[in-house]
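I need the structure of the sequence given here:
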Amino acid sequence: MANFIVSYTLKGLNRDHAEMDKHIAALGKAFVVARLFETTWYIAGPTSCELLKNYLRSKLRKTDPVGVFEPIRASWANLPIDDAAFKACFENQPVAA
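Coordinates of the predicted model:
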């Protein structure tokens with residue numbers, strides 16, 4: 001399972017994050033997803049940066065920027081995600097269900 005940090009911006013007025021949240025959740029049970037910041041997500045799953053970017057772009061407007069990054073190391077503080085589970089992802093340890 002690969003780790004990804006995804007960030008995007010919804011340009012324009014009256015944009016609703018709920019629709020994008022649904023698309024990210026629709027990745028399915030093979031993926032682990034957690035919102036880190038308003039439009040920044042941690043996603044882990046059986047995919048690549050390119051495929052994940054293409055999926056997200058299909059849900060965004062053409063002018064909305066999106067970045068998908070595959071980190072191999074990370075450091076953080078006070079993220080709204082289970083710290084031990086997130087740390088395990090970067091240490092290639094199985095995450096307890």
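
Quote the end-to-end distance of stretch 67-86.
Across stretch 67-86, the terminal residues are separated by 20 Å (Cα to Cα, to the nearest Å).

Only the buried residues of it, if you could.
Going by neighbour count (16 or more other Cβ atoms under 10 Å), the buried part of stretch 67-86 is 68, 81, 86. (Each C-beta comes from the backbone N, C-alpha and C, glycine too.)

In terms of distance to Asp16, which of the residues you listed ranks first?
Comparing the buried residues of stretch 67-86 against Asp16 with Cβ to Cβ places Val68 closest, at 21.6 Å.

Tell me the helix or strand right after the helix or strand hosting the closest one.
When secondary structure is defined by DSSP states H and E, Val68 falls within strand 66-69. Sequence-wise, the next helix or strand beyond strand 66-69 is helix 83-90, with elements assigned using DSSP H and E.

and that next one, what other elements does it pack with?
Packed against helix 83-90 by the contact rule (3 or more Cβ pairs under 8 Å, 6 or more residues apart in numbering; DSSP states H and E) you find strand 40-45.

thinking again about what came up before, could I get the buried residues of stretch 67-86 as CSV with distance to Pro46 and pLDDT?
Rendered in CSV, the data for the buried residues of stretch 67-86 read as follows (distance: Cβ to Cβ, whole Å; pLDDT from 0 to 100):
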residue, distance to Pro46, pLDDT
Val68, 14, 95
Ile81, 20, 81
Phe86, 19, 78
